[in-house]
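[1] What would the 3D arrangement of this be:
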Amino acid sequence: MEVFKTQQEGFAVIRKQTLTRFVPAMLFGLIVVLVVNYGDGSDVRTALFVLPVMLAAVGISIYRGLRNRKRLYDSFTIEIDEDTVVRKQDDTPDLSLNRLEISAISKDATGVITIRGMSAEDIIQIPAGMERMAELEAKLLQFLPFSEESERSLLERFRWVTGVAAIVLMAVIRFVENKIAVVASGVLLISLLVWGVLKTYRNKNLPEQYKRTIWIMPLLIAAVIVAILAKLGVFNFRWSREIDF
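    Just a heads-up that it's a prediction; the model follows:
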């Protein structure tokens, strides 16, 4: 069995990609939160206090995320024998694909190799910064010829759309007064959140540490339901009935 490990210098590319993708997204989310809560300028002093706190929280989150991702990167290995490819990584269940289970192997422009199984969850992604990369590719070619990168689904190509859609739906619930629009947006947002929970639990490449943080999603779903009911006046209706009684 051949064992392939990551190169130490290869994480620099992943760090750059992570910062390029997630820092703008987190800053955009921060701006949305500030605009929603303090956009009318009625509480400037609170906003000036909250802004540095939130920026510090974002910075700490990015730092801890990169540190944890480097730990996972350093532990990443690929083991290949005559019939099987096995991905191993800290805090992540091993993922093994037999020759008969592999449906496609592709390599994108950045050098990332994707091995797909028969199930949508059976995906092994090999970073570009691997030792003996040419030998690794030669081993994989014994299973299947590399196909075009277009094997990726639309969701994989445009996964950022789900985040933007969630922000838009939350804004509709917060600012729009039309009850039909609020209910429709709420149903879509809750469906999106539930789908996200299911995708997270089914993801075989996601470390258990990340999966354990999904407990916050039910709280978010509950908050959305409360916001919708408040917009529909359900709480006011109940409160007025109690007073009358």
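[2] Compute the distance between Arg99 and Gln89, please.
    22 Å (Cβ to Cβ, to the nearest Å). Quick note: C-beta positions are derived from backbone N, CA and C, even for glycine.
[3] Between the two, which has more neighbouring residues?
    Set Arg99 next to Gln89 and count neighbours by other Cβ atoms under 10 Å: Gln89 wins out with 19 against 13.
[4] Look up which residues are beta-bridged to the more buried one.
    Partner residues in beta bridges with Gln89: Thr92, with DSSP bridges as the criterion.
[5] Could you number the chain from 30 rather than 1 from now on?
    Sounds good: first residue 30 from here, last item Gln118.
[6] Tally up the residues packed near Leu221, please.
    The number of residues packed around Leu221, counting by other Cβ under 10 Å, is 14.
[7] excluding its backbone neighbours, what's nearest it?
    Nearest residue to Leu221 in three dimensions, chain neighbours excluded: Ala195, at 5.8 Å (Cβ to Cβ, 6 or more residues apart in numbering).
[8] show me what contacts the one you found?
    Listed by Cβ atoms under 8 Å, 6 or more residues apart in numbering, the contact partners of Ala195 are 218, 221-222.
[9] quick one: low-confidence parts of this structure?
    Low-confidence segments of the chain, defined by pLDDT under 70: 65-72, 178-189, 264-274.
[10] quick one on the thing from earlier: taking the contacts of Ala195 one by one, which sit in helices?
    When the contacts of Ala195 are checked against helices using DSSP state H, the ones located there are 218, 221-222.
[11] Kindly indicate which of those residues lies nearest Ile91.
    For those, the residue nearest Ile91 by Cβ to Cβ is Leu222; the value is 23.4 Å.
[12] picking up where we left off before, the residue nearest to Leu221 - that's part of a strand, no?
    No - secondary structure of Ala195 (DSSP: H, G, I helix; E, B strand; the rest coil): helix, not part of a strand.
[13] Since that was my last question, I'll sign off now.
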